[in-house]
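Student: sharing a sequence plus its predicted fold:
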Amino acid sequence: MPDLFKLILQIAVILAVCRISGSIFRRFGQPRVVGEMFAGVLLGPSLLGWMAPGLSAYLFPPASLGFLNALSQIGVVVFMFLVGLGINPNELKKHGHAAVLTSHVSITAPFVLAAFLSLYLYPRLSDDSVAFTSFALFMGSAMSVTAFPVLARILIERGLLQSRLGTVAIASAAVDDVTGWCILAYIVVLTRAAHSGTPIWMTIGGIVVFALIMIYGVRHLLGGMEVSYRKWGGLSENRLAFMLLLVFGSALCTEWLGLHLLFGAFMMGAIMPKEQKFVQYVLDRFETITVTLLLPLFFAFTGLRTNIGLVKGVEMWMYCGLIVLVATVGKLGGSTLASWLTGMPVREAAGLGTLMNTRGLMELVILDIGLDIKVISPALFSMMVVMALVTTFMATPLLVWFCPDRILRPELAKIPTKDAPLPVSIIESTGGSAA
Amino acid sequence: MSHTNRNFILAYILLVGLPVVGLIGVLKSGRTLTAPISVDGLWRLQADPVRLAALPCGKTLAENPDTALAISQSGKNFTLSFSNGPKSDASGVLNGNTLKASLVPSIAWSAEAGCGDGRELSLVATVDPKADPRSLVGLLSVNHCPACASVEFHAVRQTPPLKKGSH
């Protein structure tokens, strides 16, 4: 039985710290999510636990964290559904070669560099219970992820949404996310199958069957919801509850198949109808409570697992610096090079690379999975959280530097939000908290 | 094939195809690497309770027969705590099969008779990597106490971490 007083006190403290930190970061031109991620780290052993261990132990005793984790995971499940909902594969087709090359290079470049870095880090930060292949593939997928909600928010704030830079960035980020999650799914299957003793072909076979049922069965069922929305201008509470049931059902299926809850939620979102008004309607129903209440709990829980104190000594900080450098060179450099080669002016290409280098909450979600399945160690987890914070934090100032208004002036015509591409309208409605 | 399409295919091969080939090479060469031995997890501690109780700071440990060592590992470094036991702040280093750690008892623990005055527990142990589950054999001693005899202990891992993913 949870200690309700303690749980509600924890939620109150987390919400207050996240809102304050988010507002402070907003004042400095940063998306709110950067402040909320930072707030999570502040509440963990890195700061509160270090400066006031008594208060930290009172507020977040280890025995109480299970309930906080459960609530935060529900939030992330719904969030991943919303992320999948916001992804529209048709966006990529509109932008042809530039988006295809940019998105694929923005995955392969950081992925390969991360694999090379793994040759150096594996003997130093891992142990013999983790195979090098799993370690390197995880590092690759963690470094190649892009947080398109943050990216979209930055584009809105700079009025670049409908520019070439904006549309290519949105399309590429969507491809990155889908690819990154597919690779991560493979790693989770490898690791869990080896642990559970279930033959890997059974796990993969089950996932393929599940995916086929989702795409060719459930998807048509969901089409009926869109028809109902068009007919009545909304969905009944029963239908919305049924939608949530499908999300949780799908999440449970992927967990049961040996994958992870979040893949099912993401897939359910990805196969939802993509008609813009319908998507916006669903987002409006589910997003506020997820973004304002449940995601801050996830930030806090991640912060409680992040112990910067484990990164001690010159050597460890050098590893951390290397991780940030490789992640940035691979993602920012790779995307910049690819978009420049496809004809984008160099400053604009660098701006695109900067946007693709934004990792935000998506990175934290992936890292949490990595720590859960023990592919990464606690110290490496903390270093990767630092990398996520640094790369997300640097996005706005770097973009302003690479692409000052005078460079993009012809494209800076104000565009009403309602005409914006789909994922961006989503973020606009939440004040950019989702990342 | 148009000029644009040809350039696109060339760029794609150069920027996507070649790195993927490089990735395969890295994954193959990485298989020969060896990482530090895994000691992460919960280790059930077994020691002579009489000798343990005679050790400064050892009485609290001896009074908790269910005490286990909880090791959180990051490469060669690890942090250590007692599950079902007294609170402490401990970190250590793994060198080959040998663990070395020093434990600073918490304020509550150091209230035990003879445990104050900056006492630290020192743990030196050797892992048997061939045993399944893995086991530890080592010595627990106290600093600034030449008269105190070290206590031998044996520990068996309770919660082995996930096994290797496929190569």
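Tutor: It's in. Numbers count the residues shown, from 1 in each chain, chains lettered A, B, ... in the order given.
Student: can you give the contact residues for the helix or strand of chain B with the lowest mean pLDDT?
Tutor: Across the helices and strands of chain B, the lowest-confidence element by mean pLDDT, DSSP states H and E is helix B:107-110, at a mean of 72. Applying C-beta atoms under 8 Å, 6 or more residues apart in numbering or on different chains, the external contacts of helix B:107-110 come out as B:C57, B:T60, B:P86, B:K87, B:S88, B:C115, B:G116, B:R119. All C-beta spots, glycine's among them, are computed from the backbone N, C-alpha and C.
Student: max-length helix in the chain?
Tutor: All of this is about chain A. Ordering each helix of chain A by length in residues (DSSP state H) puts helix A:164-196 first.
Student: sorry, I should have been clearer: chain B.
Tutor: Max-length helix for chain B by DSSP H is helix B:18-30.
Student: and the stretch 251-400 of chain A, which of its residues are near chain B?
Tutor: Residues of the stretch 251-400 of chain A lying close to chain B by C-beta under 8 Å from any C-beta of the partner chain are A:310, A:334, A:337-338, A:341-342, A:373-375, A:377-380.
Student: wait, what's in contact with the residue in the stretch 201-350 of chain A that chain B sits nearest to?
Tutor: Proximity of the stretch 201-350 of chain A to chain B (C-beta to the nearest C-beta) peaks at A:L341, 5.3 Å away. Contact analysis of A:L341 by C-beta under 8 Å, 6+ apart lists A:L101, B:A11, B:L15.
Student: give me the pLDDT for it.
Tutor: Listed pLDDT for A:L341 reads 86.
Student: is the helix or strand containing B:A90 positioned near chain A?
Tutor: Using DSSP states H and E, B:A90 maps to strand B:88-95. No: judged by C-beta under 8 Å from any C-beta, strand B:88-95 makes no contact with chain A; its nearest approach is 8.6 Å.
Student: before we move on, the earlier item: and the residues of the stretch 251-400 of chain A next to chain B as JSON lines, adding secondary structure?
Tutor: Listed next are those as JSON lines, based on DSSP: H, G, I helix; E, B strand; the rest coil:
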{"residue": "A:L310", "secondary structure": "helix"}
{"residue": "A:G334", "secondary structure": "helix"}
{"residue": "A:L337", "secondary structure": "helix"}
{"residue": "A:A338", "secondary structure": "helix"}
{"residue": "A:L341", "secondary structure": "helix"}
{"residue": "A:T342", "secondary structure": "coil"}
{"residue": "A:I373", "secondary structure": "coil"}
{"residue": "A:K374", "secondary structure": "coil"}
{"residue": "A:V375", "secondary structure": "coil"}
{"residue": "A:S377", "secondary structure": "coil"}
{"residue": "A:P378", "secondary structure": "helix"}
{"residue": "A:A379", "secondary structure": "helix"}
{"residue": "A:L380", "secondary structure": "helix"}
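Student: tally of neighbours for A:P199?
Tutor: Applying other C-beta atoms under 10 Å in any protein chain shown, we find 10 residues neighbouring A:P199.
Student: just the helices in chain B please.
Tutor: Ranges of helices in chain B, per DSSP H, are B:3-12, B:18-30, B:49-54, B:58-62, B:107-110.
Student: so which of those is nearest A:G205?
Tutor: Shortest distance between A:G205 and those, using C-beta to C-beta, is found for helix B:18-30: 24.1 Å.
Student: show residues contacting the closest one.
Tutor: Contacts for helix B:18-30 (C-beta under 8 Å, 6+ apart): A:108-109, A:111-112, A:115-116, A:118-119, A:122, A:132-133, A:136-137, A:140.
Student: ok, 7 Å please
Tutor: A:T108, A:A109, A:F111, A:V112, A:A115, A:F116, A:S118, A:L119, A:Y122, A:F132, A:T133, A:A136 (C-beta atoms under 7 Å, 6 or more residues apart in numbering or on different chains).
Student: in that helix, which residues are buried?
Tutor: Going by neighbour count (16 or more other C-beta atoms under 10 Å in any protein chain shown), the buried part of helix B:18-30 is B:P19, B:L23, B:V26, B:L27, B:G30.
Student: point out where the stretch 301-435 of chain A drops to low pLDDT.
Tutor: Scanning the stretch 301-435 of chain A for pLDDT under 70 picks out the ranges A:407-435.
Student: mind running it again at 50?
Tutor: Within the stretch 301-435 of chain A, the stretches with pLDDT under 50 are A:413-435.
Student: number of nearby residues for the residue in it positioned nearest to chain B?
Tutor: The minimum distance from the stretch 301-435 of chain A to chain B, using C-beta to the nearest C-beta, falls at A:A379 (3.3 Å). Neighbour count for A:A379, taken as other C-beta under 10 Å: 26.
Student: repeat for A:V314
Tutor: Residues near A:V314, counting by other C-beta under 10 Å, number 6.
Student: A:G249 too?
Tutor: A:G249, neighbours per other C-beta under 10 Å, totals 13.
Student: what's the helix or strand for it?
Tutor: A:G249 is part of helix A:237-256 when elements are defined by DSSP H and E.
Student: ok so, going back, from the contacts of A:L341, pick the one nearest B:C148.
Tutor: Comparing the contacts of A:L341 against B:C148 with C-beta to C-beta places B:L15 closest, at 64.9 Å.
Student: now that closest one, nearest residue through space, not along the chain?
Tutor: Distances taken as C-beta to C-beta, 6 or more residues apart in numbering or on different chains place A:V105 nearest to B:L15, at 4.7 Å, with adjacent residues excluded.
Student: not counting stretch B:139-158 itself, show me its contacts.
Tutor: B:41-48, B:51-52, B:55-58, B:68-69, B:119-124, B:133-138.
Student: whoops, stretch B:33-41 was the one
Tutor: The contact list for stretch B:33-41 (C-beta under 7 Å, 6+ apart) reads A:119, A:122-123, A:126-130, A:132, B:71-73, B:75-76, B:78, B:94, B:97, B:99, B:127, B:129, B:157-161.
Student: stretch A:31-49 too?
Tutor: Contacts of stretch A:31-49 (C-beta under 7 Å, 6+ apart): A:14, A:17-18, A:21-22, A:24-26, A:55-56, A:150, A:153-154, A:296, A:299-300, A:302-304, A:306-309, A:360-361, A:364, A:385, A:389, A:392-393, A:431-433, A:435.
Student: of those, grab the buried ones for ChimeraX.
Tutor: Selection of the buried residues among those in ChimeraX, burial being defined by 16+ other C-beta under 10 Å:
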select /A:14,17,18,21,22,25,56,150,153,154,296,299,300,302,303,304,306,307,308,309,360,361,364,385,389,392,393,431,432,433,435
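Student: which of the contacts of stretch A:31-49 fall within helices?
Tutor: Within the contacts of stretch A:31-49, residues falling in helices by DSSP H are A:14, A:17-18, A:21-22, A:24-26, A:55-56, A:150, A:153-154, A:296, A:299-300, A:302-304, A:360-361, A:364, A:385, A:389, A:392-393.
Student: who are the contact partners of B:K130?
Tutor: With C-beta under 7 Å, 6+ apart, B:K130 has no contacts at all.
Student: and for A:F381?
Tutor: A:R305, A:T306, A:L367, A:G370, A:L371.
Student: distance to B:N5 added to these, as TSV?
Tutor: Below are the contacts of A:F381 laid out as TSV (distance: C-beta to C-beta, whole Å):
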residue	distance to B:N5
A:R305	48
A:T306	47
A:L367	39
A:G370	39
A:L371	44
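Student: out of the residues you listed, what pair is the most spread apart?
Tutor: With distances taken as C-beta to C-beta, the most widely separated pair in the contacts of A:F381 is A:T306 and A:G370, at 12.8 Å.
Student: A:S339 against A:H104, yeah?
Tutor: No: if you go by C-beta atoms under 7 Å, A:S339 and A:H104 don't touch, sitting 11.7 Å apart.
Student: those two: which is more packed in?
Tutor: Higher neighbour count among A:S339 and A:H104: A:S339, with 31 against 22, using other C-beta under 10 Å.
Student: so the nearest residue to the more buried one once chain neighbours are set aside is in which element?
Tutor: Excluding the flanking residues, the one nearest A:S339 by C-beta to C-beta, 6+ apart is A:A349, at 4.1 Å. According to DSSP H and E, A:A349 maps onto helix A:346-356.
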